[in-house]
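Visitor: How does the following fold in three dimensions:
(2 chains)
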2 protein chains.
Amino acid sequence: MPSRRVIGIDAGGTKLLGGVVDEDLAVRHRVHRLWRGSEREELLRVMVEAVEEARAAAPDAVAVGFGIPALVDHAAGASMFSTHLPLDGVPFRALMEERLNLPVFVDNDATLALLAEATAGMARDRRHALMLTLGTGIGGGILADGRLQRGARGAGAELGHIVVDIDGPPCQGNCPGRGCLEVMASGSAIGREGAEAARRAPDSALGEQLRAGREITGAIVTELAHDGDPAAREVLELIGRRLGAGVTGLVNAFDPEIVVVGGGAVAGGELLLAPARAVVAERALPPNQETPIVAAHFGEEAGMIGAAVLALEDGSA
Amino acid sequence: MPSRRVIGIDAGGTKLLGGVVDEDLAVRHRVHRLWRGSEREELLRVMVEAVEEARAAAPDAVAVGFGIPALVDHAAGASMFSTHLPLDGVPFRALMEERLNLPVFVDNDATLALLAEATAGMARDRRHALMLTLGTGIGGGILADGRLQRGARGAGAELGHIVVDIDGPPCQGNCPGRGCLEVMASGSAIGREGAEAARRAPDSALGEQLRAGREITGAIVTELAHDGDPAAREVLELIGRRLGAGVTGLVNAFDPEIVVVGGGAVAGGELLLAPARAVVAERALPPNQETPIVAAHFGEEAGMIGAAVLALEDGSA
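Guide: Modelled structure (predicted):
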């Protein structure tokens, strides 16, 4: 029997990453899209177009899995609420199946990233694991007793919206919170802190970028940090320590065997993860202090591959 | 067949509450003990003595359940670590069975409070619920998919040790954290904030207590708040709002059907819970804003009754 193929789509807050994925989880063809501030109809149109591009390369794909940055009623295939995309109250699966004429499966993007890592990545053979995806926002996934946890209605596992700074700044997107982990330690937060650091240190490599009129994004900060710019490194250290404070609370609440960090911002690697680990080692309850905190095996592609795993699993059920 | 009876013991950070409990969860005979700063041997001696007192009133009791404020390896019956009692690395069940010559069962105190509430209290018939017990510290319990969650090793569900104030004060007891929910919103925190409020408002009822040389405890603040003292009410409002910030993160992480609040400090009732609800309604992600936050049906006795439920369930297995 030839390997079944599916299309996995990770629709993030500012970009889409898709691919044709085999049963052995090899990615055969990638598609990319960017969006920012798109209305719902435009957003759905871009998603359909991305799927069609992938499908052109793999006409035998049997299903599509979508990860979306939203609270998802997984059984109904509906998006209840999204902090970053205009997807509140959208019957996503029904709508996409009609447009694509293919079986469609949908779940929260970070939960799917954890599904990928639990299937063949850093959380393989684990029964208790947490996932944090650091991108535009921060997504979360929970594996407990060997099962993905989504809460009573699918509105759970929003680990980016635990409160780590009680009187902190307003959160991002449509989140009504303050001082959520997301506003403190996401890729967007790296960009914001990077811009401030650039103003404070105009002679740093980061400062030069700002003077040259470039927007200081999390990606630029991360690149300059890897190049050795002290100002950029301090930003990743700061964000890593904040991440560590959030993870401290999470390991105390969940006692996971491992915490997996994915999303675009994990490009910071040890510059981000080492300070996070140091805070957890210092501040978590003793049995939880040593919890491994590791970069996702599938890196930024964990969500896309997890969406494919969902389509492979649910599509064969 | 006559009803089986067991002894339930809730061994808190500063006091023990025990009782003889029937299968219908009626409490027939209560025992109380206070301790503060006791060494391990003294603590265990007081526990044994409390069990023997209950047993004298119910010689037919078939087992003893203990709730302890510790990270408990439930299967092994061992205490791994406790922030409030000298119970690190104690083979609790084996030790107590030897001294009591009765079957002994042990688990985390707040997890047992949730077991009581899920069996016959506010979380009855729920599949997803959280418990917070506000006393000397803050204990936590998690029910997800109908099962009590203890994490990979039993070191989880420590919901009092989520970080809500990243640069906050050092936590209580042996917790190496800073700004944990426990140091911000426990019964002890009510006492500390009450003492400060008493100094700021010497003419308040709270201030009078301080001038009269009485120690300002959470219980006194709560009593004066119920009597209408504005200074005491402000303290409960402050603590309730902090509790709400913690619960905001927890409902976003767990999407429970209900959050049950127990422990001695729940004596504050609506003066504490109404501000907590207001913060959650304002700051949680929209589907989670309306999560009911209620006082434990079994009040301060939830842990003791849960310990009895454990003994009844595990004792008949």
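Visitor: Please report phi then psi for the residue in the stretch 51-200 of chain A that chain B sits nearest to.
Guide: Nearest to chain B, among the residues of the stretch 51-200 of chain A, is A:G151, at 2.3 Å (C-beta to the nearest C-beta). The way it works is simple: take the backbone N, C-alpha and C, and place the C-beta from them, glycine included. When read as degrees, to the nearest 10, the backbone of A:G151 gives phi 80, psi -170.
Visitor: Now A:A281: which helix or strand?
Guide: Counting by DSSP states H and E, the element that carries A:A281 is helix A:270-283.
Visitor: And that helix, what does it pack against?
Guide: Contact here means 3 or more C-beta pairs under 8 Å, 6 or more residues apart in numbering or on different chains; DSSP states H and E; on that basis helix A:270-283 packs against helix A:218-226, helix A:230-254, strand A:258-262, strand A:293-295.
Visitor: one more time with 6 Å
Guide: helix A:230-254, strand A:293-295 (3 or more C-beta pairs under 6 Å, 6 or more residues apart in numbering or on different chains; DSSP states H and E).
Visitor: I'd like the mean pLDDT over it, please.
Guide: Averaging pLDDT along helix A:270-283 gives 98.
Visitor: Chain A against chain B: which residues are in contact?
Guide: A:71, A:80-81, A:128, A:144, A:149, A:151-153, A:155-156, A:158-159, A:161-166, A:176-177, A:245, A:248-249, A:252-255, A:257, A:283, A:285-288 (C-beta under 6 Å from any C-beta of the partner chain).
Visitor: Tell me which of the residues you listed fall in helices.
Guide: Judged by DSSP state H, the subset of those located in helices is A:245, A:248-249, A:252-254, A:283.
Visitor: ok and the residue in the stretch 201-317 of chain A nearest chain B?
Guide: Counting by C-beta to the nearest C-beta, the stretch 201-317 of chain A gets nearest chain B through A:D255, at 2.3 Å.
Visitor: residues contacting that residue?
Guide: A:D255 is in contact with B:151-153, B:155-156, counting by C-beta atoms under 6 Å, 6 or more residues apart in numbering or on different chains.
Visitor: low pLDDT regions in chain A?
Guide: Residue ranges of chain A with pLDDT under 70: A:1-2, A:317.
Visitor: Quick check: the gap between the residue nearest to A:V27 when sequence neighbours are not counted and chain B.
Guide: Spatial nearest neighbour of A:V27, excluding adjacent residues (C-beta to C-beta, 6 or more residues apart in numbering or on different chains): A:G19 at 4.3 Å. Using C-beta to the nearest C-beta, to the nearest Å, A:G19 is found at 29 Å from chain B.
Visitor: Got phi/psi on A:G19?
Guide: The phi/psi pair for A:G19 (degrees, to the nearest 10) is phi -170, psi 160.
Visitor: Domain-wise, how is chain A divided?
Guide: Listed domain ranges for chain A are A:5-114+A:301-315, A:125-296 (source: automatic domain parsing).
Visitor: among those domains, which is nearest B:E42?
Guide: domain A:125-296 (23.3 Å; C-beta to C-beta).
Visitor: measure that closest one end to end?
Guide: 15 Å (C-alpha to C-alpha, to the nearest Å).
Visitor: what's the distance between that domain and the middle of its chain?
Guide: 11 Å (C-alpha atoms, centre = their mean, to the nearest Å).
Visitor: Please state the offset of stretch A:38-55 from the chain centre?
Guide: 19 Å.
Visitor: Contacts for that stretch next, please.
Guide: With contact meaning C-beta under 6 Å, 6+ apart, stretch A:38-55 is reached by A:7, A:16, A:18, A:20, A:29, A:31, A:33, A:35, A:61, A:64, A:86, A:99-100.
Visitor: Now do the buried residues in it.
Guide: Using 16 or more other C-beta atoms under 10 Å in any protein chain shown as the test for burial, stretch A:38-55 gives A:38, A:43-44, A:46-47, A:50-51, A:53-55.
Visitor: Report the central residue of chain A.
Guide: By C-alpha atoms, centre = their mean, chain A has its centre lying nearest to A:T133, at 3.1 Å.
Visitor: was I right about that one contacting A:A113?
Guide: Yes - with contacts counted by C-beta atoms under 6 Å, A:T133 reaches A:A113, the gap being 5.2 Å.
Visitor: what's the overlap in contacts for the two?
Guide: A:G262.
Visitor: Between the two ends of stretch A:50-67, what distance do you get?
Guide: End-to-end for stretch A:50-67, by C-alpha to C-alpha: 14 Å.
Visitor: do stretch A:253-261 as well
Guide: 17 Å.
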